[in-house]
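[1] Just need the structure, nothing else, for what follows:
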Amino acid sequence: MTTSRFTLLWWLLVFLWGWFFSCTQAQYYDTNTSPSTPIEYVYTMDDPLQNIISVLQRIKPLLTPSSMHQAAAAEDIFITIPNETIVHFLDESQTFDEFFRKLRISLIQIMIDNQYPDFSNHPYEEGNNAIVLVSWDFKVLKNIEHRDMLDTLLLNKIWLFQSDFTQIKNLKKHLDFSSITITTQEYQNLWSVFLFKTEQDLRDLWYELISSKSRVNTDPDYRRYNIKTAFSNIGNVRLIMPNEIFSLGKEFHYSASADDWSMPYVSWFATFGNNAKMVYGWWLCGVATAFFQGTLTNLWLDLTQYKAHSIYYRNLYEAEIDGITITDPGLDATVYLPKFDLKIQNIRPYPIITVFDFDGLSWSNEQMFTLSKAQDKWSFQYLRTYKSWLLTCFVWKINEENRTNCYRKVKNF
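    Residues are numbered from 1 along each chain as shown. Now for the predicted structure:
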């Protein structure tokens with residue numbers, strides 16, 4: 001609706017309100033009394049026109065450009081949500097909170113498209129099971145309640161929608177809303193923004209379960225403890241940003257030199273050649289294997305550093321990958337810093353979400369999975385086994401590329 005049409009509607013409502021108000025206040029007289037003595041003023045109904053005009057007066061800043069928008073040059077506007085999008089979100093929303101969420105996610109999608117660099121890498125402060133695997137899908141069990149800088153900025157721009165949401169929704173087809181804009185300076189001042197707050201946010205951003213690894217953990221106490229500690233150090237939910245190189249050893253804060261980390265590991269015996277010695281944080285290769293298997297069929301990754309073991313332990317490395325139980329060796333990984341690490345780079349223009357869930361208890365389900373876009377989903381297939389001198393080699397077709405790992409022995413731990 002043009003400004004002239006809005007002005008015409010405004011004055012028409014003013015005229016009708018004034019006429020209706022004068023009629024409803026007409027004086028009635030009793031024929032048996034003096035004509036100069038009014039019996040009462042009649043107020044028999046809540047005046048709807050008066051209510052409409054009152055709402056329009058309150059929300060007038062939403063309908064005409066604010067002084068900031070008038071003063072801002074076109075090149076200063078970084079993000080714009082146009083009138084038709086606002087009306088569409090009003091149509092789809094029953095409450096202000098739902099309306100706010102839709103506006104927020106539309107801004108998040110624009111920020112992703114512009115490769116915003118400061119999404120919170122660790123959206124959950126602590127604890128497991130914020131996001132879990134359920135029947136080859138994901139479920140968000142803990143919404144993020146904290147308000148970030150984007151929340152504050154957006155609320156400051158649309159708070160008038162909150163006070164009169166129902167009336168605005170009813171009048172939306174007759175109102176010409178101003179676009180909601182964020183200037184370049186406002187955008188640059190944003191930091192540590194949450195990519196998502198609810199499961200619906202993730203689904204609206206087209207995230208889905210792409211790759212997963214799950215395993216019932218019956219390991220010895222020290223191994224379960226070290227895996228749980230590593231998962232906790234990485235963070236239950238971790239975003240890997242575009243172009244970021246994710247170093248697993250760095251993320252779970254481990255070095256064979258037994259540095260004093262805030263969440264230390266325990267030591268246990270390990271075999272080196274024909275000798276056994278006590279090693280700090282041993283069996284953290286279980287975390288490396290979990291991460292490797294849990295990201296195996298996700299095309300977002302570029303595997304920049306990787307090494308398998310020389311001995312394959314069936315009961316430690318076999319698991320369910322993408323819901324399929326693997327029985328053939330060849331899908332394991334090791335970490336022994338500073339010599340060996342597992343490094344993966346995100347080659348996609350959007351963040352990848354990794355989830356690490358394990359409570360450290362015997363017979364608990366150990367989960368590692370990724371959320372990404374549908375185009376990142378691929379496959380794996382066991383191909384063959386062959387002998388090479390004293391080694392047994394296993395060939396897998398992973399995301400249309402053959403990968404071979406060879407072992408001196410394959411046995412149970």
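[2] where does residue 10 land on pLDDT?
    Note for residue 10: predicted pLDDT of 50.
[3] Correction: the previous question concerned residue 254.
    Residue 254 is assigned 67 on the pLDDT scale.
[4] Which parts of the stretch 151-300 of the chain are helices?
    Ranges of helices in the stretch 151-300 of the chain, per DSSP state H, counting those that start in this stretch, are 165-171, 184-188, 199-204, 221-234, 248-251, 285-294.
[5] Would you tell me which of those helices gets closest to residue 104?
    With CB to CB as the criterion, residue 104 lies closest to helix 199-204 of the helices of the stretch 151-300 of the chain, at 8.0 Å. Yep, even glycine has a C-beta here, placed from its N, CA and C like the rest.
[6] could you say what helices and strands the closest one packs with?
    With contacts defined as 3 or more CB pairs under 8 Å, 6 or more residues apart in numbering; DSSP states H and E, helix 199-204 has these neighbours: helix 96-113, strand 138-140.
[7] in the first one, what's buried?
    Right, helix 96-113. For helix 96-113, the neighbour count (16 or more other CB atoms under 10 Å) marks 96, 99-108, 110-112 as buried.
[8] what's near enough to touch the residue nearest to residue 139 when sequence neighbours are not counted?
    Among residues not flanking residue 139 along the chain, residue 132 sits closest, at 5.4 Å (CB to CB, 6 or more residues apart in numbering). Listed by CB atoms under 8 Å, 6 or more residues apart in numbering, the contact partners of residue 132 are 138-139, 141, 355, 357, 367.
[9] Let me have the helices of the stretch 151-300 of the chain in CSV, adding mean pLDDT and distance to residue 329 as columns.
    Below are these laid out as CSV (pLDDT from 0 to 100; distance: least, CB to CB, whole Å):
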stretch, mean pLDDT, distance to residue 329
helix 165-171, 89, 60
helix 184-188, 94, 50
helix 199-204, 98, 35
helix 221-234, 88, 19
helix 248-251, 90, 21
helix 285-294, 93, 11
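[10] Quick check: which of these is buried the most?
    Comparing the helices of the stretch 151-300 of the chain by mean neighbour count (mean count of other CB atoms under 10 Å), helix 285-294 comes out on top with a mean of 26.
[11] Tell me the helix or strand right after that helix.
    Next in sequence after helix 285-294, counting helices and strands by DSSP states H and E, comes strand 301-305.
[12] tell me which residues of that following strand are tucked away?
    By 16+ other CB under 10 Å, the buried positions in strand 301-305 come out as residue 301.
[13] how big is the angle separating it from helix 285-294?
    Between strand 301-305 and helix 285-294, the angle comes out at 150 degrees (axes from the mean of the first three to the mean of the last three CA atoms, to 10 degrees).
[14] Tell me which strands the next helix or strand after strand 301-305 pairs with, and in which orientation.
    Counting by DSSP H and E, the next helix or strand C-terminal to strand 301-305 is strand 311-313. Here strand 311-313 is paired, per DSSP bridges, with strand 409-411 (parallel).
[15] contact partners of the partner strand?
    Residues outside strand 409-411 that contact it (CB under 8 Å, 6+ apart): 311-314, 329, 392.
[16] Spell out which residues make up each domain of this structure.
    Following automatic domain parsing, one finds the domains of the chain at 1-58, 59-204, 208-411.
[17] Go through these and pick out the most buried.
    domain 208-411 (a mean of 18).
[18] hang on, the earlier thing: just flag the most distant two among the contacts of strand 409-411.
    Spatially, the most separated pair among these is 313 and 392, at 13.9 Å (CB to CB).
[19] worst-scoring helix or strand of the chain, pLDDT-wise?
    strand 40-41 (a mean of 33; mean pLDDT, DSSP states H and E).
[20] show me where pLDDT drops low in this protein?
    Residue ranges of the chain with pLDDT under 70: 1-51, 64-75, 254-263, 267-282.
[21] rerun at 50
    By pLDDT under 50, the low-scoring segments of the chain are 1-5, 7-8, 11-12, 14-46, 67-71, 260-262.
[22] Now do the contacts for the spatially most central residue of the chain.
    Geometric centre of the chain, nearest residue: residue 196, 3.3 Å, by CA atoms, centre = their mean. Neighbour list for residue 196: 108, 123, 144, 202, 205, 207 [criterion: CB under 8 Å, 6+ apart].
[23] let's go with 6 Å and repeat that
    residue 202 (CB atoms under 6 Å, 6 or more residues apart in numbering).
[24] How about residue 369?
    Counted by CB under 6 Å, 6+ apart, residue 369 has contacts 133, 212, 294, 355.
[25] 7 Å instead?
    Contacts for residue 369 were tallied using CB atoms under 7 Å, 6 or more residues apart in numbering; they are 133, 209, 211-213, 294, 355.
[26] which residue packs closest to it, ignoring adjacent ones?
    Using CB to CB, 6+ apart and skipping the chain neighbours, the partner closest in space to residue 369 is residue 212 (3.6 Å).
[27] Touching, the one you found and residue 322? I think so.
    Yes: with contact defined as CB atoms under 7 Å, residue 212 counts as touching residue 322 (5.9 Å).
[28] can you give me the end-to-end distance of stretch 368-382?
    With CA to CA, to the nearest Å as the measure, stretch 368-382 spans 21 Å from end to end.
[29] from the chain's centre, how far out does it sit?
    Centroid separation between stretch 368-382 and its chain, computed with CA atoms, centre = their mean, to the nearest Å, is 17 Å.
[30] now swap in stretch 91-104 and tell me
    18 Å.
[31] who's in contact with that stretch?
    Outside stretch 91-104, the residues within contact range by CB under 7 Å, 6+ apart are 81, 89-90, 150, 154, 158, 161-162, 165.
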